[in-house]
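[1] 3D, please:
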Amino acid sequence: MPFRLRTAKGKLKIEHSILDSLRPVLDKLVLREDIRSIIPGVIRPVRDARGIVKIRITVPVQNGWKAIGLSNGARQELFISTTMTEPQLKAALEEAIDAVG
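    The predicted structure is shown next:
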């Protein structure tokens, strides 16, 4: 019984591992009706990813936005399928980060 997938309503696609600190933020984000899915991508180590989780929207893609999550000394690509505008998504990301703490 995969608890995490159940809470994410199947909207968080697990094809790669997910950065530990980023996972609770994504779990919170997929609870929103206006998020169709989140597909985490490649993880790469970086020096500037310390402290609180940061998620930066980078470019629009065909069905939503590409973003970069920074946490745990690494960066991870995120493909977010949504109809939200960039400002709406940015607000939703900040809300999810704040809710997790």
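[2] Please make it C-alpha for all contacts and neighbour counts, starting now.
    OK.
[3] Taking the centroid of this structure, which residue is nearest it?
    Nearest to the mean C-alpha position of the chain, counting by C-alpha atoms, centre = their mean, stands Leu26 at 4.4 Å.
[4] In which helix or strand does that one reside?
    helix 23-29 (DSSP states H and E).
[5] Could you pull out the buried residues of the strand ranked longest in the chain?
    As assigned by DSSP state E, the longest strand anywhere in the chain is strand 35-45. The neighbour-count check on strand 35-45 (16 or more other C-alpha atoms under 10 Å) flags 35-41, 43 as buried.
[6] and of these, the nearest to Ile80?
    Set against Ile80, the nearest of the buried residues of strand 35-45 by C-alpha to C-alpha is Ile38 (4.5 Å).
[7] need the contact list for the closest one.
    Contact analysis of Ile38 by C-alpha atoms under 8 Å, 6 or more residues apart in numbering lists 11-13, 26, 30, 78-81.
[8] Out of those, which comes closest to Asp98?
    So of the contacts of Ile38, ranked by how close each gets to Asp98 (C-alpha to C-alpha), first place is Leu26, at 12.2 Å.
[9] Please report how far that closest one lies from Arg47.
    22 Å (C-alpha to C-alpha, to the nearest Å).
[10] Ok, Ile80 next?
    Ile80 is 24 Å from Arg47, by C-alpha to C-alpha.
[11] Pro60 now?
    For Pro60, the distance to Arg47 - C-alpha to C-alpha - is 26 Å.
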